[in-house]
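Participant: structure of the sequence below:
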Amino acid sequence: MTTKKRPEILVGKTHKIKIEGCATMYATLNKEEDVLAEVILNVGKKGGCQNTCFYVSGVFLSILLELGVSKEKLVKTMKKHLIGVKCDAGESCWSKLGGVIVNEIEKEKA
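Facilitator: Sure thing, here's the model as predicted:
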């Protein structure tokens, strides 16, 4: 597999995701020609393990997108393993994040 060269400028939106009893996550979804190309994740204003895990997860998602992994496979995987996952506070941050990403990918098809 070969990666695409990242353009100098990508256009995107930052989604503020409030996680009850936990923190606020910011998910920036950048697109190239209306197609999801990069994911940047940040949790709150603090550093720490939680923020690092989300940041690295965004890096991995971005690498998968660069490699051209099937969006259908990403959506199917997120629906199966992320969306609907609960934690002590209710719906998990992973579930909410998966919902935001799936929603953006499904908009590409519309």
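
Participant: which parts of the protein are helices?
Facilitator: Along the chain, counting by DSSP state H, helices occupy 49-66, 71-81, 93-109.

Participant: let me know which of these is tucked in deepest.
Facilitator: Neighbour counts (mean count of other Cβ atoms under 10 Å) averaged over each of the helices of the chain peak at helix 93-109, with a mean of 17. For glycine as for every other residue, the C-beta is placed from the backbone atoms N, C-alpha and C.

Participant: spatially, what comes nearest to residue 43 if we skip its sequence neighbours?
Facilitator: residue 51 (4.5 Å; Cβ to Cβ, 6 or more residues apart in numbering).

Participant: so which of the helices of the chain comes closest to residue 14?
Facilitator: Residue 14 lies closest, by Cβ to Cβ, to one member of the helices of the chain: helix 93-109, at 10.6 Å.

Participant: let me know the pLDDT of the closest residue to residue 61 other than its chain neighbours.
Facilitator: Leaving aside its chain neighbours, residue 61 sits nearest to residue 39 (4.3 Å; criterion: Cβ to Cβ, 6+ apart). pLDDT for residue 39: 95.

Participant: make JSON lines from the helices of the chain and add mean pLDDT to it.
Facilitator: Converted to JSON lines, these look like this (pLDDT from 0 to 100):
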{"stretch": "helix 49-66", "mean pLDDT": "90"}
{"stretch": "helix 71-81", "mean pLDDT": "94"}
{"stretch": "helix 93-109", "mean pLDDT": "91"}
